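Novice: just the structure for this:
(one chain, ligands or ions: 1)
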Amino acid sequence: MSFKSILGQSQPKKILTNALQNSSVAHAYLFYGPDSVGKKMLATTLAKALNCKGADPLDACDECESCRKIERRIHPDFFYLEPVKSTPTAREASIKIEAIRELQKKLAYLPYEGKTKVVVIDSAELMNPQAMNSFLKTLEEPPSSTVLILISANPNRLLPTLLSRCQGIQFHRLSSANIRTIIQSQPEGEEEPLKESEIDFRVHRSQGSVTRALEEDIAEVEHLREQLLEVLEKVSFERMDIVFAFAKAWARQTEQLQPVLNELLGLIRDLALYRSGCSQSDIQNGDLSVKMIPIAESHSLKAWMDRFTAVRNTQIALSGNANPQLFLENMLIEFCEAA
Ligand SMILES: [Zn+2]
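Specialist: The predicted structure is shown next:
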């Protein structure tokens, strides 16, 4: 994609195109902000623009050999690193020091085919500590004709010394209008075009994220929301069976846990909004209003806020090495208390 055809992110685009215009592109950038809002796309576009053989020196043409090779990640001067799992069953993927060393070897040479080497490190916070320290050396003595771009949705997990050597560019969630345009511009393929109601559903639930808008499995979401609303409606000290059944069922599915807790947060947010009398347009799960309004009314606003906090705290604990079953039980006991 060229800068002019990317939707949203006007500020990051402006910073980068100005830098291209003034030949003041930094040695190192940190693109930070929510997942799936265009960070990787803009990093790729910057790499293309820096090496494009097309007519416009300040943008990517997307058609020349260089742009096409970068798009397919086969350009010899474009390096893309992302976390990988050491074994298929490993809990979390990471970027290891071997990958950084390999990269450093390649950066020692001048650009092979293009004008500028560009390195993109996606989910940079998942570099392990040795990898971060090793990469720090590259940032301290940046190789010539090289632009380093770190991408992160959690920049607070990067070493401060690493952060201080990058120019930070903040990305924001995409507007509903942009998400709608992106959904509508998807090639239809063999499937039937989306119904307007489904587009509305996807826009409302996207939270400004393209992946979420495009990839969510609606049937799966509907089933999960039903299960979660039942927990929110019925859990109490009289119904501890729900606590134990829920904790046991989800504790084993560690990969699914954060998305499930995100869904739970979204529902509690909506219930709190219904409880405080907000209008339908602010609600993400507005299609469930008939079911949700009575549930919202059954608890105080404070109880919903307490439940929200309990879920957030559980998410934070589970992003470390906490025991999922124990923390899920604890979260639901806090739900019981917040009556
Ligand atoms: Zn080009």
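Novice: dump the helix or strand where residue 222 lies to CSV, restricted to CA.
Specialist: Assigned by DSSP states H and E, residue 222 falls within helix 218-234. What follows is helix 218-234, C-alpha atoms only, in CSV (Å, rounded to 0.1, in the frame of the first residue of the first chain):
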residue,chain,number,x,y,z
ILE,A,218,-19.7,-14.6,14.3
ALA,A,219,-21.2,-18.0,15.3
GLU,A,220,-18.4,-18.6,17.8
VAL,A,221,-18.8,-15.1,19.2
GLU,A,222,-22.5,-15.5,19.7
HIS,A,223,-22.0,-18.8,21.5
LEU,A,224,-19.3,-17.4,23.8
ARG,A,225,-21.3,-14.3,24.6
GLU,A,226,-24.3,-16.4,25.6
GLN,A,227,-22.1,-18.5,27.9
LEU,A,228,-20.5,-15.4,29.5
LEU,A,229,-23.8,-13.6,30.0
GLU,A,230,-25.1,-16.6,31.8
VAL,A,231,-22.2,-16.5,34.2
LEU,A,232,-22.6,-12.8,34.7
GLU,A,233,-26.3,-13.3,35.4
LYS,A,234,-26.2,-16.3,37.6
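Novice: quick one, what contacts residue 131?
Specialist: By Cβ atoms under 8 Å, 6 or more residues apart in numbering, the contact list for residue 131 reads 94, 95, 96, 97, 99, 100. Every C-beta, even on glycine, is put in place using the N, C-alpha and C of the backbone.
Novice: how near is the last one to residue 124?
Specialist: As defined by Cβ to Cβ, to the nearest Å, residue 100 lies at a distance of 11 Å from residue 124.
Novice: residue 314 looks like it's in a strand, true?
Specialist: No: applying DSSP: H, G, I helix; E, B strand; the rest coil, one finds residue 314 to be helix, outside a strand.
Novice: any idea how far apart the tips of stretch 207-217 sit?
Specialist: Stretch 207-217 stretches 15 Å from its first residue to its last (Cα to Cα, to the nearest Å).
Novice: enumerate the positions of that stretch that are buried.
Specialist: Burial within stretch 207-217, assessed by neighbour count using 16 or more other Cβ atoms under 10 Å, is assigned to 207, 208, 209, 210, 212, 213.
Novice: for the longest helix along the chain, what does the pLDDT average out to?
Specialist: In the chain, assigned by DSSP state H, the helix with the most residues is helix 254-275. Averaging pLDDT along helix 254-275 yields 91.
Novice: could you measure from residue 134 over to residue 322?
Specialist: To residue 322, residue 134 is 29 Å away according to Cβ to Cβ.
Novice: which one's more surrounded, those two?
Specialist: It is residue 134, of residue 134 and residue 322, that has more neighbours when counted by other Cβ atoms under 10 Å, with 19 against 14.
Novice: low pLDDT regions in the chain?
Specialist: Along the chain, the model assigns pLDDT under 70 to residues 188-190.
Novice: 50 - rerun?
Specialist: In the predicted model of the chain, no residue satisfies pLDDT under 50.
Novice: show me what residue of the stretch 201-339 of the chain gets nearest to the ion.
Specialist: In the stretch 201-339 of the chain, no residue comes nearer to the ion than residue 210, which is 23.2 Å away by Cβ to the ion.
Novice: quick one, what contacts that residue?
Specialist: Contacts of residue 210 (Cβ under 8 Å, 6+ apart): 36, 37, 38, 174, 179, 182.
Novice: could you find the closest non-adjacent residue to residue 132?
Specialist: In this structure, residue 132 finds its nearest non-sequential neighbour in residue 159, 5.1 Å apart by Cβ to Cβ, 6 or more residues apart in numbering.
Novice: for the one you found, give me phi and psi.
Specialist: With angles defined as degrees, to the nearest 10, residue 159 sits at phi -60, psi 140.
Novice: how many residues are close by it?
Specialist: Close neighbours of residue 159, defined as other Cβ under 10 Å, add up to 16.
Novice: and it, how far from the ion?
Specialist: With distances taken as Cβ to the ion, to the nearest Å, residue 159 is found 35 Å from the ion.
Novice: ok, now residue 68?
Specialist: 8 Å.
Novice: again with residue 98
Specialist: Per Cβ to the ion, residue 98 is found 32 Å from the ion.
Novice: for that residue, phi and psi?
Specialist: phi -60, psi -40.
Novice: what's the spacing between it and residue 77?
Specialist: Relative to residue 77, residue 98 is positioned 21 Å away (Cβ to Cβ).
Novice: so how far is the longest strand seen in the chain off the chain centroid?
Specialist: For the chain, the strand that runs over the most residues, judged by DSSP state E, is strand 146-152. Distance of strand 146-152 from the chain centroid (Cα atoms, centre = their mean, to the nearest Å) equals 17 Å.
Novice: so what touches it?
Specialist: Strand 146-152 is contacted from outside by 25-32, 39-40, 43, 46-47, 50, 107, 116-125, 138-139, 142, 158, 162, 166, using Cβ under 8 Å, 6+ apart.
Novice: in strands only, show me those.
Specialist: Checked against DSSP E, those include these in strands: 28, 29, 30, 31, 32, 117, 118, 119, 120, 121.
Novice: for the second one, what are its contacts?
Specialist: This points to residue 29. With contact set as Cβ under 8 Å, 6+ apart, residue 29 has these partners: 43, 147, 148, 149, 150, 166, 167, 168, 169.
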